[in-house]
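In: sequence first, then the predicted structure, then my questions.
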Amino acid sequence: MVENELTQLFTDVKKTIEEGMRELNIPGISIAIVDKEKILWAEGFGFTDETKNRKVTPDTLFMIGSLSKAYNVTAFLRAMQKGLIDLDDPLRKHYPEFKWKTRFGDDEADKITFRHLLTHYAGFQHFTDMKPPGEDRFYSFDEYIEKISDSWQKYPVGSRVSYSNAGVDLAAYVLQKISGKSYSEFMRDEVYIPLGMKNSIVEPTEALKTNNCAQGFRGKTQTPDEQIIIPWLGAGAQFSSVNDMANFLMMHFNEGIVNGERYLERKLLEEMYTIPFADKYELTKIGLGIGISKNQYGGELVLRFFGDGPGYFNLHHFFPNLGIGWLLQANQTYNLVHFLFKLAEKIGPALVKHKLGRIPDPITVTDDIKLPTKVELEIGKLKRLEGKYNSRMLNIEIKLQEGQLTFNMQGEEYKLIPHSKRQFSSEKIPLVEFDLDESSRPKTIKLVQSNGRIAILDYDSGPMDVFGPNKEQWNEYSSLYKFHYNNICLYSTTAIKNGYIHLVTNIGNKVYRLTEDKLGIFFTADGQNVVFEANQLITPANLWIKDDISIEKIKRLLKENPEDIHVKKSSLEELLFIYEVTDQKEKTDQLKKIINETYPAAKE
């Protein structure tokens, strides 16, 4: 691609951004395209907040969300380079007082290394408790770290990837312990200043005080400052700009050299470029602080990640060996994923062509997977694999239809061909593998896609499960529980199905079968804790309070206090899901009527 083709790319991208901002109500965007030596193009669009008094520029600060993880890892590698710590050091070597709640054995905490923490293999829940009970504020960073000790272990250490902000933030906390500095000071001294990231800030409270900081938006609503002051300093709360982050990319493009001096040793950079705990066929995965892909463009190394926050969305996407990449920030979270993929499809291939003069074909693992020949399985064995399988980002239901196992994923149907009682294949997924217990009950399903992306889902429940214990004491947990989120009510409740207690929740609008560990303490198939205490329901990140909402109360509030959070349209719709899933037909019909009469379509 010659230079005028790059200029045309910038023009096309600018047009796409302007169209997207109009269609999706995005207040502001900044973008930069960077090579080994300089920023090729950087521009700001729109405004920083609802006043529209300040325009977004390439120097405007946005909360960068999970892009923070890459900078946190960079700080860790700097400490490692100084001999202060090592990726394979046990967590308790530097934080001996660490503890958590576990059902996998008291020695589990001793097994955790920083490599586990920074690659999401330590077995933590994604989120942990973030707000003091009864207070409308987030914990401070130190308070939040202390509260992690109250969280339950999700998976055995090192057994599988389980995305976790808590684990990343523990590593950040240890950096301040071993350095004698606050985490913010350590990040400033080891990352921001050496890389020339002059405007970047760790603490949200400090970023919001600056005169060039974008405010987040959810739809048309600007995020209040108190919702932006989150404690995930290492995992998701940092603020930066595309101009600042361009320096981070250029450090990678120059193999760790900054201003002619060695900033990071090449072997440490290679840690960021290596797929951790790689499966045999794995070509793409979350690595040390960033996503790693080796399945596109002929196997070219690609580093990329999305980062979101309370009203913010960010992306970095770069090719370390080609020396080119791009960055984007927006102060909007609603409906942006398709828009960002559209931009990525336009920019990524164009940058590769600019460097290589062509766009190499993607790499697949299909031909590498050698399975036994097709076999015929008894219907009973196939039926035993039917059921729901869950993970944090993906849920599928396997059904037996006309003698063949099938499931739908992301709008596509997959038909499974058996090669053994555990191994199957489909046209687009060359390996589907079940892990079974001694009774042939499924434990997990592993999907190995042709592009080398691997997903493992936990078996939740299925039609061949034996009838459960149906304990009478479970009826004590059948109340409706509420949690306030973004000024609406979310709800959870329980239901007994096939003799098992299930959690029905608005978080992801999911239904989980629960397994009892101890009295009042349950776990979902994918390891999330569900604890009932007095009038409370405790899940990994939320404290739910028993609520007395009813159809009668809703009618009364609409007359006496129509601004009450319970009768907002979104709150009523969340409650409707609970009524529908728990087969409360009369309440479902009544609530639908209330919603339609109170919020007619013409008023929306």
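Out: Okay, I see it.

In: pull out the buried residues from stretch 459-476.
Out: By 16 or more other Cβ atoms under 10 Å, the buried positions in stretch 459-476 come out as 459-462, 465, 468, 474. Every residue, glycine included, has its C-beta placed from N, CA and C.

In: ok, stretch 319-330 next?
Out: The neighbour-count check on stretch 319-330 (16+ other Cβ under 10 Å) flags 319-320, 322-330 as buried.

In: and if you look at stretch 354-363?
Out: Neighbour counts over stretch 354-363 (16+ other Cβ under 10 Å) mark 354-355, 362-363 as buried.

In: likewise stretch 535-552?
Out: Buried residues in stretch 535-552, counted by 16+ other Cβ under 10 Å: 537-544, 547, 549.

In: in JSON lines: those, plus distance to residue 149.
Out: As requested, these are exported to JSON lines (distance: Cβ to Cβ, whole Å):
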{"residue": "537", "distance to residue 149": "20"}
{"residue": "538", "distance to residue 149": "14"}
{"residue": "539", "distance to residue 149": "17"}
{"residue": "540", "distance to residue 149": "14"}
{"residue": "541", "distance to residue 149": "15"}
{"residue": "542", "distance to residue 149": "18"}
{"residue": "543", "distance to residue 149": "16"}
{"residue": "544", "distance to residue 149": "21"}
{"residue": "547", "distance to residue 149": "29"}
{"residue": "549", "distance to residue 149": "33"}
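
In: so in the protein, where's the weakest helix or strand by average pLDDT?
Out: Across the helices and strands of the chain, mean confidence by mean pLDDT, DSSP states H and E is lowest for strand 481-485: a mean of 91.

In: packing partners of that strand?
Out: Here strand 481-485 touches strand 488-497, strand 543-546, going by 3 or more Cβ pairs under 8 Å, 6 or more residues apart in numbering; DSSP states H and E.

In: still on that earlier bit, mind putting the buried residues of stretch 354-363 into JSON lines with pLDDT?
Out: Shown next, in JSON lines, are the buried residues of stretch 354-363 (pLDDT from 0 to 100):
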{"residue": "354", "pLDDT": "96"}
{"residue": "355", "pLDDT": "97"}
{"residue": "362", "pLDDT": "97"}
{"residue": "363", "pLDDT": "97"}
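
In: filter these down to the ones in helices?
Out: If you go by DSSP state H, these have 354-355 in helices.

In: okay but residue 101 is in contact with residue 152, surely?
Out: Yes: with contact defined as Cβ atoms under 8 Å, residue 101 and residue 152 form a contacting pair (4.6 Å).

In: can you check which residues contact both of the two?
Out: residue 529 (Cβ atoms under 8 Å, 6 or more residues apart in numbering).

In: those two - which one has more neighbours?
Out: Neighbour tally, residue 101 and residue 152, criterion other Cβ atoms under 10 Å: the higher count belongs to residue 152, 23 against 12.

In: Provide a list of residues in contact with the residue nearest to the more buried one when sequence neighbours are not counted.
Out: Once flanking residues are discounted, residue 152 sits nearest to residue 529: 3.9 Å by Cβ to Cβ, 6 or more residues apart in numbering. Counting by Cβ under 8 Å, 6+ apart, residue 529 touches 101, 125, 151-152, 521-523, 538-540.

In: switch the cut-off to 6 Å
Out: Counting by Cβ atoms under 6 Å, 6 or more residues apart in numbering, residue 529 makes contact with 152, 523, 540.

In: list the beta-bridge partners for residue 395.
Out: Counting by DSSP bridges, residue 395 is bridged to residue 390.

In: just the pLDDT for it.
Out: For residue 395, the model assigns a pLDDT of 93.

In: try residue 1
Out: Confidence at residue 1, expressed as pLDDT, is 48.

In: same check, this time on the one 3 residues further on
Out: With respect to pLDDT, residue 4 scores 80.

In: coming back round to it: from the contacts of residue 529, which is closest to residue 489?
Out: Using Cβ to Cβ, residue 540 comes nearest to residue 489 of the contacts of residue 529, at 19.5 Å.

In: wait, a strand at residue 443?
Out: Yes: counting by DSSP: H, G, I helix; E, B strand; the rest coil, residue 443 falls inside a strand.

In: distance of the residue nearest to it when sequence neighbours are not counted from residue 429?
Out: Among residues not flanking residue 443 along the chain, residue 435 sits closest, at 4.6 Å (Cβ to Cβ, 6+ apart). Using Cβ to Cβ, to the nearest Å, residue 435 is found at 16 Å from residue 429.

In: more neighbours: these two, which one.
Out: Comparing residue 435 with residue 429 by neighbour count (other Cβ under 10 Å), the higher total belongs to residue 429, at 20 against 13.

In: quick one on the thing from earlier: and the gap between the residue nearest to residue 152 and residue 53?
Out: Using Cβ to Cβ, residue 529 is found at 46 Å from residue 53.

In: ok so, going back, just the buried residues of stretch 459-476: which are in strands?
Out: Counting by DSSP state E, the part of those found in strands is 459-461.

In: okay then, goodbye and thanks.
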